[in-house]
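Trainee: Any chance you could fold what I've pasted below:
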Amino acid sequence: EPGHVGEVYEVTGPRLMSFADIAADLSAVLGHEVKYIDIPHDDFLREMKDSGAPKDVIWLLDYLFATVLDGRNAYTADGIQRALGRPPKDFTDYARETAKTENWKGVTP
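Mentor: Got it, this is the predicted structure:
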């Protein structure tokens, strides 16, 4: 679309959320407990190695999780507003709407 060529949109929701926050929201929406379990970094790497995951996959996942969990991306941005002309949808609203569809049917706790 005209006006978007060459633009970079950082896509975030309207509020910062931890994985524990997401699990709590999902628990409330789905009516059963959803847990976020924080796995220590060394345990994660050991389990990946022990499972036979390729070294390049282990490296990539280690890098991705490090950049997600170290706080460097803990901010909100205006990308949705700039790209779509509307505010971003809150995760809780997304979860409520999605729970009403068939998308999560058959998913068990």
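Trainee: Now do the helices in this protein.
Mentor: 19-30, 41-50, 55-69, 79-84, 91-99 (DSSP state H).
Trainee: Which of these sits closest to P2?
Mentor: helix 79-84 (13.0 Å; Cβ to Cβ). (Glycine included, C-beta is placed from N, CA and C.)
Trainee: Can you give the contact residues for the closest one?
Mentor: Residues external to helix 79-84 that are found in contact with it (Cβ atoms under 8 Å, 6 or more residues apart in numbering): 4, 7, 9-12, 86-88.
Trainee: coming back round to it: could I get the helices of the chain in TSV, plus columns for mean pLDDT?
Mentor: Formatted as TSV, the helices of the chain follow (pLDDT from 0 to 100):
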stretch	mean pLDDT
helix 19-30	95
helix 41-50	95
helix 55-69	93
helix 79-84	96
helix 91-99	95
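Trainee: picking that back up, any of the contacts of helix 79-84 buried? List them.
Mentor: 12, 88 (16 or more other Cβ atoms under 10 Å).
Trainee: I'd like the contacts of helix 79-84 as a markdown table, with distance to L30 and pLDDT appended.
Mentor: Below are the contacts of helix 79-84 laid out as a markdown table (distance: Cβ to Cβ, whole Å; pLDDT from 0 to 100):
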| residue | distance to L30 | pLDDT |
| --- | --- | --- |
| H4 | 36 | 92 |
| E7 | 36 | 94 |
| Y9 | 30 | 97 |
| E10 | 29 | 95 |
| V11 | 24 | 95 |
| T12 | 23 | 96 |
| R86 | 26 | 97 |
| P87 | 25 | 98 |
| P88 | 22 | 98 |
